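Enquirer: 3D, please:
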Amino acid sequence: MSATATSTRVDLRTRYLGLELKNPIVAAASPLTGSVESLLRLQDAGAAAVVLPSLFEEQIEHEEMGTHNLMLYGAEVSPEAGSYFPEVQRQGTAIDKHLRLIADAKKALDVPVIASLNGYTPGGWTRYAKQFEGAGADAIELNVYFLATDPADTSEAVEQRYVDLVGSVCRDVKLPVAVKVAPYFSAFANIARRMTAVGASGLVLFNRFVQPDIMLEELEVAPHLVLSTSEELRLALRWIAILHGQVKTSFAATGGAHTSDDVLKVLLAGADCVMIASSLLKNGPTHVRTLLAGVERWMSEREYESVQQLKGSLSQLACPDPAAFERANYMKALKSYTSRFA
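Expert: Numbering: from 1, shown residues only. Predicted structure coming up:
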């Protein structure tokens, strides 16, 4: 049988958030998903869905405060001072630009468009999520980033804040909602179950935060962005494998998928799709084709007929050695490592 004939046997379709995707590769939020032209290139290369760049609640607050201050300027001189200013035109604001991108992407693309929101107050999340829904988004990704720096904050209070935020959005929109979370929870399996219980249709594991660095020459603190590597994917791989079958929700892996082997590993662990950003920034949109070709070739060689058949076959519930994802594997790894200096 020819290679072409063999490849037709592989069904790459998968479901994420209730959406049918033609394959498991999703373009994660990045500068490459910020324009319709770039989104079309990603679709043409084979991306099965796209996540638009996040809208930050702080952007809206900053603009609203600026407009408020503008209207107040001079009011102490004359009650009529406000009439000197023309009516503020909203079409140039961050929210309107974002809503326009959602609407334009929906018109131009055939694949699902997922809008991303990065907020921190229940009211803000809900208000903007509803606007995303009105603009035509197929789903919403909540990019949760709350850094508990106050020593008075307890882990219980922080976790409840996450759950309340997710619940407030899921109650007010009809779209499927995914939550992009960090791994920094003492009982991650529990918080995953709680967010699903309040309505989350999916979890994206894991959020990669930009960490500050200290600049020695300038004596300043500055953000430092580093693209991911394949090694970073292992944390998501582990938790998806543990949660698959235990928490009834969609799982997406993000942060470290650069090769077709990376994609296959997270599918075997139980992910429904793989979100990629750094590998696209390094290699361009056509890298999607490379990943898909490698996945299809590997599956054909091992006579897998579909992604659905492959998915979760090496999760903790299905793995021949379930302890491989827990403490026993940690001890085994340490004992097996050797060094010429030891």
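Enquirer: mind checking the pLDDT average for stretch 55-64?
Expert: Averaged across stretch 55-64, pLDDT comes to 66.
Enquirer: for the lengthiest helix in the chain, buried residues please.
Expert: In the chain, taking DSSP state H as the definition, the longest helix is helix 155-172. Residues of helix 155-172 classed as buried by neighbour count (16 or more other CB atoms under 10 Å): 158, 159, 161, 162, 163, 165, 166, 167, 168, 169, 170, 172. From N, CA and C alone the C-beta is placed, and that goes for glycine too.
Enquirer: reformat those as a markdown table; add distance to residue 252 and pLDDT.
Expert: Output for the buried residues of helix 155-172, formatted as a markdown table (distance: CB to CB, whole Å; pLDDT from 0 to 100):
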| residue | distance to residue 252 | pLDDT |
| --- | --- | --- |
| 158 | 23 | 88 |
| 159 | 21 | 91 |
| 161 | 23 | 89 |
| 162 | 18 | 91 |
| 163 | 20 | 93 |
| 165 | 19 | 91 |
| 166 | 16 | 93 |
| 167 | 20 | 94 |
| 168 | 22 | 91 |
| 169 | 17 | 93 |
| 170 | 17 | 94 |
| 172 | 23 | 91 |
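Enquirer: now render those residues as CSV, adding distance to residue 277.
Expert: Shown next, in CSV, are the buried residues of helix 155-172 (distance: CB to CB, whole Å):
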residue, distance to residue 277
158, 26
159, 27
161, 26
162, 23
163, 27
165, 23
166, 23
167, 28
168, 27
169, 23
170, 25
172, 28
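Enquirer: off-centre distance for stretch 15-29?
Expert: 11 Å (CA atoms, centre = their mean, to the nearest Å).
Enquirer: start and end of that stretch, how far apart?
Expert: 19 Å (CA to CA, to the nearest Å).
Enquirer: just the strands in the stretch 1-150 of the chain please.
Expert: 14-16, 19-21, 25-27, 49-56, 113-118, 139-143 (DSSP state E, counting those that start in this stretch).
Enquirer: looking at those, which is closest to residue 312?
Expert: Of all the strands of the stretch 1-150 of the chain, strand 14-16 sits nearest to residue 312, with 11.4 Å by CB to CB.
Enquirer: now for the closest one, which elements pack on it?
Expert: strand 19-21, strand 250-254 (3 or more CB pairs under 8 Å, 6 or more residues apart in numbering; DSSP states H and E).
Enquirer: comparing these, which comes out most buried?
Expert: Neighbour counts averaged per stretch over the helices and strands packed on strand 14-16 are highest for strand 250-254, at a mean of 27; criterion: mean count of other CB atoms under 10 Å.
Enquirer: send over it as PDB, restricted to the C-alpha atoms.
Expert: Extracted in PDB, the C-alpha atoms of strand 250-254 (Å, rounded to 0.1, in the frame of the first residue of the first chain):
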ATOM      1  CA  SER A 250     -11.900  19.000  27.700                       C
ATOM      2  CA  PHE A 251      -8.200  19.300  28.100                       C
ATOM      3  CA  ALA A 252      -5.800  21.300  26.000                       C
ATOM      4  CA  ALA A 253      -2.000  21.300  26.500                       C
ATOM      5  CA  THR A 254       0.000  24.400  25.900                       C
END
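Enquirer: next helix or strand past it?
Expert: Following strand 250-254 in sequence order, the next helix or strand is helix 260-269 (DSSP states H and E).
Enquirer: what's the next secondary structure element after that following helix?
Expert: Next along the chain from helix 260-269, counting by DSSP H and E, comes strand 273-276.
Enquirer: average pLDDT across that next one?
Expert: 97.
Enquirer: kindly report the same for stretch 183-194.
Expert: So the average pLDDT for stretch 183-194 ends up being 93.
Enquirer: what do you get for stretch 315-331?
Expert: Rounded mean pLDDT across stretch 315-331 is 69.
Enquirer: and for stretch 221-240?
Expert: pLDDT averaged over stretch 221-240 gives 86.
Enquirer: low-confidence ranges, the protein, go.
Expert: Applying pLDDT under 70 to the chain picks out residues 1-8, 58-92, 120-122, 224, 322-342.
Enquirer: adding distance to residue 151, write the strands of the stretch 1-150 of the chain out as JSON lines.
Expert: What follows is the strands of the stretch 1-150 of the chain, written out as JSON lines (distance: least, CB to CB, whole Å):
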{"stretch": "strand 14-16", "distance to residue 151": "39"}
{"stretch": "strand 19-21", "distance to residue 151": "42"}
{"stretch": "strand 25-27", "distance to residue 151": "38"}
{"stretch": "strand 49-56", "distance to residue 151": "26"}
{"stretch": "strand 113-118", "distance to residue 151": "25"}
{"stretch": "strand 139-143", "distance to residue 151": "26"}
